[in-house]
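Peer 1: have a look; sequence and predicted model below, questions after that.
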Amino acid sequence: MKNTEATTTTEARAVAEQGAPGAPEKAATNRAASQKKGAPKGPTAAKGANTKAPAPKKEAKAKKVAKPAAAKTTSSPRAESKGAKIIEMIGRPKGATLAEIMKATDWQAHSVRGFISGNVVKKMGLRVESERSAEGQRRYRIEVR
C-alpha cells in the first residue's frame with residue numbers, strides 16, 4: 001500500500017506543477033492601463049513637487065469700487081466708407097431706393113437692409129422711413145424730427 005500512496009501523490013504533484021494543459025504562460029508587461037480617448041485626466045503633481053495642502057487664503061482687502069458707466073455716444077461710420085455713402089443717400093429729401101444703394105455700395109439687398117436696421121436705426125438711433133413706390137421699388141429715407 002505504501003507504493004500506491006507515494007505514486008498518487010507524486011502524480012498529483014506533477015500535474016499541479018504543470019498547470020492547465022495547453023494554456024500559454026502570461027508574459028509580464030511594463031505598460032500601464034491606457035485611458036479611453038477623450039477621458040478626463042486626473043490631477044498630476046510635478047516631479048519633486050511639494051504635495052502639501054494649499055494654505056488658507058488671506059482675507060481680501062476692501063472690495064473694488066465699480067466705475068460709473070461711460071456716457072453712450074452714437075457711432076458714425078468713417079467719411080469714405082460704404083456706410084457713410086448709405087447714410088448720405090438716405091439723408092436726402094427724397095431718400096434712396098434699395099436698388100440705388102445696392103449699386104453704390106456693391107452690396108446685396110439683405111446686407112443693405114441689415115445695415116439700415118442694425119447700424120442706422122439701432123446703433124445710431126436715427127428713424128428711417130421705408131415706403132414702397134407704385135413701381136414696387138423700396139425707398140428709404142431718414143425721418144426728420
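Peer 2: Ah, there it is.
Peer 1: how about the strands in the chain?
Peer 2: 96-97, 128-132, 138-142 (DSSP state E).
Peer 1: paired strands for the last one, with orientation please.
Peer 2: Spelled out, it's strand 138-142. Strand 138-142 pairs in its sheet with strand 96-97 (antiparallel), strand 128-132 (antiparallel), by DSSP bridges.
Peer 1: how far away is residue 104 from residue 39?
Peer 2: Applying C-beta to C-beta, to the nearest Å, the value for residue 104 to residue 39 is 57 Å. (C-beta placed from N, C-alpha, C; glycine too.)
Peer 1: do residue 32 as well
Peer 2: 14 Å.
Peer 1: same list (the strands paired with strand 138-142) but as JSON lines, adding mean neighbour count, distance to residue 80 and mean pLDDT.
Peer 2: What follows is those, written out as JSON lines (neighbours: other C-beta atoms under 10 Å; distance: least, C-beta to C-beta, whole Å; pLDDT from 0 to 100):
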{"stretch": "strand 96-97", "mean neighbour count": "20", "distance to residue 80": "18", "mean pLDDT": "95"}
{"stretch": "strand 128-132", "mean neighbour count": "12", "distance to residue 80": "22", "mean pLDDT": "93"}
